[in-house]
Structure formats: C-alpha cells, structure tokens
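Novice: mind looking at a prediction? Sequence and model below.
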Amino acid sequence: MGSFKSRLASLALLLGALACISLACDGKQGPAGPDGLPVTIIYIPATNTFTPSPTAGSFTFTPTPTPVHPYLGQWGTLGSGNGQFSTTLGIAVDSLDNIYVADSGNNRIQVFTASGIYATQWGIAGSGNGQFNSPLGIAVDSSGNVYVADTLNSRIQKFTSLGGYVTQWGGYGSSNGQFNFPFSVAVDSLGNVYVADSNNSRIQEFNSSGTYVTQWGTRGTGNGQFDGPEGVAVDSSGNIYVMDYANSRVQKFSSSTAYLTQWGTLNCSCARINTPSGLAVDSLGNVYVANYGNNLLQQFTSSGIYVTQWGILGSGNGQFNAPNGVAVDSFGDVYVADSDNSRIQKFGP
C-alpha cells in the first residue's frame, strides 16, 4: 500500500478533478508514480494543461495564452447592394470607430459601425465631383473629413463624414501634385495628407486643402527609393511608413521625410513580406501589413521587429483570399478588407 502522504496527494488530485469537471474539463490517468499509484492528469482542451511531475501526486499547471488577434466577426458578400462589396481594397476608421470602405468595383464608399451595421454610402461611376473610377485608398482625419484616392481618375477627393463633397486635387502626370495611379492615402494628426503615387514611385505630401508641400522617392531598391508603393500610414509621432510593393518591404521615414529604417525584404532571414498591399499603424505604434501574396496579416513593432501573424488562403473565419486594406480602431481591433472574399473581417487586439 502507498504511504499516507501519497494517498493524500492523490486525494488532492481527485478533488482537483472534481473541481475541473464543473469547468467542463477532461480527466486522464498517466503512468504510475514511484509508489505505484497512478498520477491523474487533468487538462482543459486547447486552453490549459496540467502536466504530471516525476513526483507521485503532483502536477504543473500551464495556462495557454489567449490567442493574439482572435476572430470576432465579418460582414459582406459579393454584390452591389447595401453592405455588399466588389473588390474591397481601402479601409479606414474614424475617431468614433466608424468603418469606411473603398468599394472599388462598385465605385462607392460605404460606411459601417464597428459591429458591421450598414450606415450610409456615396459615389457612382464617373469623373464628376463625388464620382469615382476605381477608388482604392481611403483615410479619415481627426475632424472626420474623408480623403479618397480616386485611382483611375488620378485625383484625391475630400468629403465630409457624411459624404458631402468638399474639394479635389490632382490630375494625370508626374509633375508636383499630379498622380499616376494614386493607390493609397493617409493623414497625420496635423491634417497633412500623404499619397502613395504608385506608378511614379514616390510619396507626395499636401496640406488638408490639397496644396502641394513636398515629395520624396524615385524608382529603385535603395534606401528611400520605391518600386510601386501601394500603402502609406502615419503614426502618432508623425513617422511615415510606406509599403514598397514590388520591393516587398516596409520603409519608415521621419516626419521630415528622412529615411529611418526598413524591413521585410524577400531575401532576408526575417519574417518575409510577399507582395504587400495594406498598411496600418495602431495607437501604440504597432505596424500591421496585409500580405496579398501570402494571404496573411503580419504585425511588427515600430522598429520592424516581427511580433505575430495570422491567416491562410481560404474563405473560412480568419482565412483570407487576397487581403488588401487594414485598419485599427481605438480599442486595438483590427479590420481587414478581404478582397477576393468580398468581405470585411474583424479581429481582437
């Protein structure tokens, strides 16, 4: 017979098992301990693990961390009705956590609550004020003004939060203030507007009224050069992040456009970025990259250190098919424009 001490330990395990049953746990018996008594292993599937130690009747409790960015929900299907999408690319969040989506294939902007409830829309196909031709990028400033990269009309249009037309600027070309495939737009805390002028391989900066301020970038692979930049984002300190599409990297610049660092090139041993498209920065400076080619989302620190990633090719919850736009709200929830699945997916912090 086992010692009184071993029996007492086994009794403690039994009591633990009974307590675990109330939590919908499972119980299994492991190999016998040194005194011949079986060691009970109690665990909660996919949540926590109880691991037996070499000493009979004892175990180690190991909690499994809460999943990073858990799936929270989705909305949207293919179509042209309210809340439906045709090629969703740009997505932005305002200070009230309303979600703005550039529904490119339908040539309109749709607005939703944070839970995906349809609110309003504006825009039709055309080149007039408030009309669009494949709008790809969208951004919202601190006052609720909405800026849209009206890509095939080679211009930026500015609207009120309800879709009232305010102004526009641009035109096709390569001169200051002109665009050749403006892909995305971002706004800093001062109201300065940054445009990824993709086919001109540069970033242009304007004030909130559309007056040209400056630009930087030429085609190439060196520091501060670009090859088809598609994404641009600004953090709370005014640092500017550029998604350098064909070079498969993110480049970071100061508010004065000075080159700071880069990460994610295909030939490095770090977490690789493959044909990146969407880019967002949260209030803590974390950088989120939508990998169009890898069908996943990656998170980095503001200095480019890899944090985590999620997603695979598919149409299930948390899966992606050509993710493009990404945005983060005030709670840290992440919204992804899952383009070829014609939906928006939402993930927790």
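Specialist: Yep, that arrived. Numbering: from 1, shown residues only.

Novice: and the closest residue to residue 134 other than its chain neighbours, which of the three is it?
Specialist: The shortest distance from residue 134 to any non-neighbouring residue, by C-beta to C-beta, 6 or more residues apart in numbering, is to residue 152 (4.5 Å). Placement of C-beta: from N, CA and C, glycine included. At residue 152 the chain is in helix, as set by DSSP: H, G, I helix; E, B strand; the rest coil.

Novice: residue 152 contacts residue 131, doesn't it?
Specialist: No. With contact defined as C-beta atoms under 8 Å, residue 152 does not reach residue 131; the gap is 11.3 Å.

Novice: tell me, what's touching the two both at once?
Specialist: Overlap of the contact sets of residue 152 and residue 131 (by C-beta atoms under 8 Å, 6 or more residues apart in numbering) is empty.

Novice: please compute how far stretch 97-110 lies from its chain's middle.
Specialist: Averaging C-alpha positions (C-alpha atoms, centre = their mean, to the nearest Å) puts stretch 97-110 16 Å from its chain's average.

Novice: correction: stretch 166-175
Specialist: Averaged C-alpha coordinates place stretch 166-175 at 28 Å from its chain's average position (C-alpha atoms, centre = their mean).

Novice: gap between the two ends of that stretch?
Specialist: Terminal residues of stretch 166-175 are spaced 24 Å apart (C-alpha to C-alpha, to the nearest Å).

Novice: what's that stretch in contact with?
Specialist: Identification of contacts with stretch 166-175 by C-beta under 8 Å, 6+ apart yields 129, 145, 150, 153-160, 177-180, 182, 200, 206, 209-210.

Novice: could you redo the last one with a cut-off of 6 Å?
Specialist: 154-159, 178-179, 200, 210 (C-beta atoms under 6 Å, 6 or more residues apart in numbering).

Novice: now for the residues you listed, which pair is the farthest apart?
Specialist: Farthest pair in the contacts of stretch 166-175 (C-beta to C-beta) is 159 and 200. Separation: 24.5 Å.

Novice: ok, how many other residues are close to the spatially closest residue to residue 348 that is not a sequence neighbour?
Specialist: In this structure, residue 348 finds its nearest non-sequential neighbour in residue 70, 4.6 Å apart by C-beta to C-beta, 6+ apart. Residue 70 has 11 neighbours, counted by other C-beta atoms under 10 Å.

Novice: can you give me the strands for the stretch 51-200 of the chain?
Specialist: Counting by DSSP state E, counting those that start in this stretch, the stretch 51-200 of the chain has strands at residues 59-63, 71-75, 88-93, 99-103, 108-112, 118-122, 135-140, 146-150, 155-159, 165-170, 182-187, 193-197.

Novice: also the stretch 201-349 of the chain?
Specialist: For the stretch 201-349 of the chain, the strands defined by DSSP E, counting those that start in this stretch occupy 202-206, 212-216, 229-234, 240-244, 249-253, 259-263, 276-281, 287-291, 296-300, 306-310, 323-328, 334-338, 343-347.

Novice: neighbours around the nearest residue to residue 331 once chain neighbours are set aside, how many?
Specialist: Closest residue to residue 331 apart from its sequence neighbours, by C-beta to C-beta, 6+ apart: residue 349 at 6.6 Å. Neighbourhood size, residue 349 [other C-beta under 10 Å]: 15.

Novice: quick check, pLDDT for residue 349.
Specialist: pLDDT for residue 349: 94.

Novice: then residue 200?
Specialist: 98.

Novice: show me the contacts for it.
Specialist: Contacts for residue 200 (C-beta under 6 Å, 6+ apart) come out as 174, 180.

Novice: return the set of buried residues in stretch 286-293.
Specialist: Residues 286-292 are the ones in stretch 286-293 that count as buried (16 or more other C-beta atoms under 10 Å).

Novice: thank you kindly, that will do.
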